[in-house]
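Enquirer: Any chance you can model this:
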Amino acid sequence: MCAKISPKGLRWFVWSIFFVLLLTIALSWGFYPEKYEFFQEAVSFLGGQYSYDLNILNYPSFVIFSTGFVIMGIIAIITSVIYFINMKRFKFAMLKGVLLFILGLGSAFTGVPWDVAPLVHGFGAFLFIAGVAVVNFVFQVLRYHKRHVAKPTTGKRAWDYYWDITFVVILFVTGTFYLVVQIWGWIPGTTQLISTALAQKVVLFAACIAILLLDVDDVK
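Expert: Here you go, the predicted model:
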């Protein structure tokens, strides 16, 4: 069945990853046993077995968080397999499949509570956020490449040209911003001017908007 999936069905697979992401964060936040500092605290804190500041048992929030991220991982990996199976039908299927597979692994590892296995969770969170940034950037670049030819010799560009190029730039800037902030934080002795938590949310916000812009042809 997956081998014969339509582009519209494939787009729903991609959309569902981000729908589950938003639902997971919203529910985990709603059940979090203490005040969540949105701009200072990482999304990962919502999925710890215990709350970050007061060390209160974080139930059922951590269960919701872990379940949601594992589900996202499964969906992303299934979507990647669909691309691999349909390499002759969909353009750049190998590239999209590999990126979604990496995103899926990152998502599944992120589901491990940060206060149970910090290295596993941290590695997963980096793969997931970086994967979200790169996957969306690639989709938008391919969308731009497919929809817009060289500048016409007569007439003006359609408005959607400027819309598409704007999102290509936004996703590149936000993805680079996250990587710079994350890598800077790994360097010993450096002062963290901007929190990684804020950089994560900038990437996720831009990605969730960009993913809604995908039309059926963009996932082919």
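Enquirer: buried ones in the least confident helix or strand in the chain by mean pLDDT?
Expert: For the chain, the helix or strand with the lowest mean confidence is helix 159-186, at a mean of 86 (criterion: mean pLDDT, DSSP states H and E). Neighbour-count burial for helix 159-186, counted by 16 or more other CB atoms under 10 Å, picks out D164, F167, V168, I170, L171, T174, G175, F177, Y178, L179, V181, Q182. Any C-beta I mention is one placed from the backbone N, CA and C, and that applies to glycine too.
Enquirer: so how far is F109 from G122?
Expert: Distance, G122 to F109, using CB to CB, to the nearest Å: 9 Å.
Enquirer: Would you tell me which helix is longest in the protein?
Expert: In the chain, with assignment by DSSP state H, the single longest helix is helix 118-147.
Enquirer: which strands and helices sit next to that helix?
Expert: Using 3 or more CB pairs under 8 Å, 6 or more residues apart in numbering; DSSP states H and E, the elements in contact with helix 118-147 are helix 93-110, helix 159-186, helix 196-212.
Enquirer: could you dump those to a markdown table with distance to I71?
Expert: Below are the helices and strands packed on helix 118-147 laid out as a markdown table (distance: least, CB to CB, whole Å):
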| stretch | distance to I71 |
| --- | --- |
| helix 93-110 | 9 |
| helix 159-186 | 23 |
| helix 196-212 | 17 |
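Enquirer: Please name whichever of those is nearest to Y36.
Expert: Y36 lies closest to helix 196-212 among the helices and strands packed on helix 118-147, at 10.6 Å (CB to CB).
Enquirer: Put the alpha carbons of that closest one into PDB.
Expert: As requested, C-alpha coordinates have been extracted for helix 196-212 and formatted as PDB (Å, rounded to 0.1, in the frame of the first residue of the first chain):
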ATOM      1  CA  THR A 196      19.900  27.000  23.200                       C
ATOM      2  CA  ALA A 197      16.300  26.700  24.300                       C
ATOM      3  CA  LEU A 198      15.400  29.900  22.500                       C
ATOM      4  CA  ALA A 199      17.200  28.800  19.400                       C
ATOM      5  CA  GLN A 200      15.300  25.500  19.400                       C
ATOM      6  CA  LYS A 201      12.000  27.300  19.500                       C
ATOM      7  CA  VAL A 202      12.900  29.700  16.700                       C
ATOM      8  CA  VAL A 203      13.700  26.700  14.500                       C
ATOM      9  CA  LEU A 204      10.500  24.900  15.400                       C
ATOM     10  CA  PHE A 205       8.300  27.900  14.900                       C
ATOM     11  CA  ALA A 206       9.700  28.600  11.500                       C
ATOM     12  CA  ALA A 207       9.500  25.000  10.500                       C
ATOM     13  CA  CYS A 208       5.900  24.600  11.600                       C
ATOM     14  CA  ILE A 209       4.900  27.500   9.400                       C
ATOM     15  CA  ALA A 210       6.900  26.400   6.500                       C
ATOM     16  CA  ILE A 211       5.600  22.900   6.500                       C
ATOM     17  CA  LEU A 212       2.000  24.100   6.200                       C
END
